[in-house]
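[1] Give me coordinates for this.
(one chain, ligands or ions: 1)
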Amino acid sequence: MMVSIGIDVGGTGLKAGAVSERGEILSKVSCPTLPERGFEAVVADMARLAVRAAEEAGAAMEEVRSVGIGIPGVHDPARNLVVRCVNLYWKDVPLIDEMHRYLSVPVYVDNDATVAGLAESVAGASRGMHSSVLITLGTGIGSAIIIDGRIYAGAHGCGGEMGHIITHAGGILCSCGHRGCWERYASASGLIRLGQEIAKRNPDGVIARKSGGNPEAIDARMVLDSAKEGDPDAMQAFETYTEELAIGLSSIVVALDPEMIVLGGGVAGAGEFLLQAVRKKIAEYAIFPDMPLPRIELAITGNDAGIIGAAHLGR
Ligand code: BGC
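    Numbering: from 1, shown residues only. The predicted structure follows:
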């Protein structure tokens, strides 16, 4: 049985899975990314995960057709280098060569949101759409622009880096080196920061309690769940967060007017609760209120989109 391995490299976690010829996930394994360990250590873990994913799917390494990797940054196939992954602190690193120190199968690399966007446009929410934009809300914000069923990556392969649109001039310092990037405010990390501020201000509050009194343990889910439960502090944070999200999404609508915007990544796990808030705010920002707006939907390949899309890279 031939399989392809897909690896989804996130700022927080590494996930890998073996995917069948028919596109089904046969196994899933994961471990923390811990990017501060440096490039080599992270790649060693990626190679280990690939081997484990094959093993757990009952496939021998000879049955692994290829390993595809979705990275949170930009890859330059001409130089065979990952040019930049700001949230992993990678700059001009030879990812494919490093993987070949451990594995002898073909290795393919592309942007994480690009591969997830492909998965969505082939088998997900935006299937059949002429134009769509997938936005992933994780450690950073990733995006894939799909026009005529194909990814638009710009003239130099580094387009669709929407997370680095500056929505707050002179704002919070981003891992890319600039200030005020959208992803500092509207990614899962942006939501976590709001939750941490609340927990520090109100150490007896719901969010502080959920985190066991340790603000570092706060994740996006804790803030979203507290808001859903009606905690006023968390509801305020959710309001601020969705405002930040809607501001960036509205810029995408102005620039591209796609048929659909698909929301994926960890924060999209909030489901309808998030969708309703975002749809309402986008309508408020519409520049031409009489014209139709893009449909806003949740990614349906969900958290597996990265693995499935990456596994498809070799096909
Ligand atoms: C990177 C993108 C990536 C996104 C999500 C951003 O910081 O610049 O390339 O797609 O994070 O991981």
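[2] which residues in the stretch 151-300 of the chain form strands?
    260-264, 295-298 (DSSP state E, counting those that start in this stretch).
[3] got a list of contacts for the first one?
    When you say that, I think you mean strand 260-264. Strand 260-264 has contacts (Cβ atoms under 8 Å, 6 or more residues apart in numbering) with 116-117, 120, 124-126, 129, 131-137, 249, 252-253, 274-275, 278, 294-299, 301-302, 305. Yep, even glycine has a C-beta here, placed from its N, CA and C like the rest.
[4] Only alpha carbons, please: show that strand as CSV.
    The C-alpha coordinates for strand 260-264 follow below in CSV (Å, rounded to 0.1, in the frame of the first residue of the first chain):
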residue,chain,number,x,y,z
MET,A,260,-15.5,33.1,-0.3
ILE,A,261,-13.2,33.6,2.7
VAL,A,262,-12.6,30.4,4.6
LEU,A,263,-11.4,30.6,8.2
GLY,A,264,-9.1,27.8,9.5
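[5] how deep is the closest residue to Val206 other than its chain neighbours tucked in, by neighbour count?
    Distances taken as Cβ to Cβ, 6 or more residues apart in numbering put Asp231 closest to Val206, at 4.1 Å, once the chain neighbours are dropped. Using other Cβ atoms under 10 Å, Asp231 is surrounded by 21 other residues.
[6] show me what contacts Asp231?
    Gly205, Val206, Ile207.
[7] May I ask which of those residues has the most neighbours?
    Ile207 (26 neighbours).
[8] What is the end-to-end distance of stretch 128-139?
    In stretch 128-139, first residue to last residue: 29 Å (Cα to Cα, to the nearest Å).
[9] returning to that earlier point: closest one to Ser4 out of the contacts of Asp231, please.
    The shortest gap between Ser4 and any of the contacts of Asp231 belongs to Ile207, at 40.5 Å (Cβ to Cβ).
[10] list the contacts for that closest one?
    Gly195, Ile198, Ala199, Ile218, Met222, Val223, Ser226, Asp231, Asp233, Ala234.
[11] Could you identify the most distant pair in the residues you listed?
    Ile218 and Asp231, at 13.2 Å, using Cβ to Cβ across these.
[12] For the residue nearest the centre of the chain, list each beta-bridge partner.
    With distances taken as Cα atoms, centre = their mean, the chain has Thr136 as the residue nearest its mean C-alpha position (3.9 Å). Judged by DSSP bridges, the bridge partners of Thr136 are Gly142, Gly264.
[13] For Ile308, which non-adjacent residue is closest in space?
    Nearest to Ile308 is Ala119, by Cβ to Cβ, 6+ apart, at 4.7 Å.
[14] now the angle from the host helix or strand of the one you found to strand 260-264?
    Ala119 belongs to helix 112-123 when assigned by DSSP states H and E. Relative orientation of helix 112-123 versus strand 260-264 (axes from the mean of the first three to the mean of the last three Cα atoms, to 10 degrees): 120 degrees.
[15] chain center to helix 112-123, what's the gap?
    Relative to the centre of its chain, helix 112-123 is centred 11 Å away, using Cα atoms, centre = their mean, to the nearest Å.
[16] and that helix, what other elements does it pack with?
    Judged by 3 or more Cβ pairs under 8 Å, 6 or more residues apart in numbering; DSSP states H and E, helix 112-123 is in contact with strand 3-9, strand 64-71, strand 131-137, strand 141-147, strand 150-152, strand 260-264, helix 305-311.
[17] any idea of the mean pLDDT for that helix?
    For helix 112-123, mean pLDDT rounds to 90.
[18] ok, now stretch 25-39?
    Average pLDDT, stretch 25-39: 97.
[19] what about that stretch, start to end distance?
    27 Å.
[20] Could you give the average pLDDT over the longest helix along the chain?
    Taking DSSP state H as the criterion, the chain has its longest helix at helix 232-256. On average, the pLDDT along helix 232-256 is 97.
[21] is it true that Arg84 touches Gly73?
    Yes: with contacts counted by Cβ atoms under 8 Å, Arg84 reaches Gly73, the gap being 5.0 Å.
[22] Give me the neighbour count for the residue in the stretch 201-315 of the chain positioned nearest to the ligand.
    Using Cβ to the nearest ligand atom, the single residue of the stretch 201-315 of the chain nearest to the ligand is Gly265, 7.8 Å away. For Gly265, the count of nearby residues is 27 (other Cβ under 10 Å).
[23] For Gly149, see how far away it is.
    Going from Gly265 to Gly149 by Cβ to Cβ, to the nearest Å gives 22 Å.
[24] same question, Arg315
    On the measure of Cβ to Cβ, Arg315 and Gly149 end up 15 Å apart.
[25] do Ala255 as well
    20 Å.
[26] between those two, which one's more packed in?
    Gly149 (15 against 12).
[27] In contact with the more buried one, which residues?
    By Cβ under 8 Å, 6+ apart, the neighbours of Gly149 are Ser121, His130.
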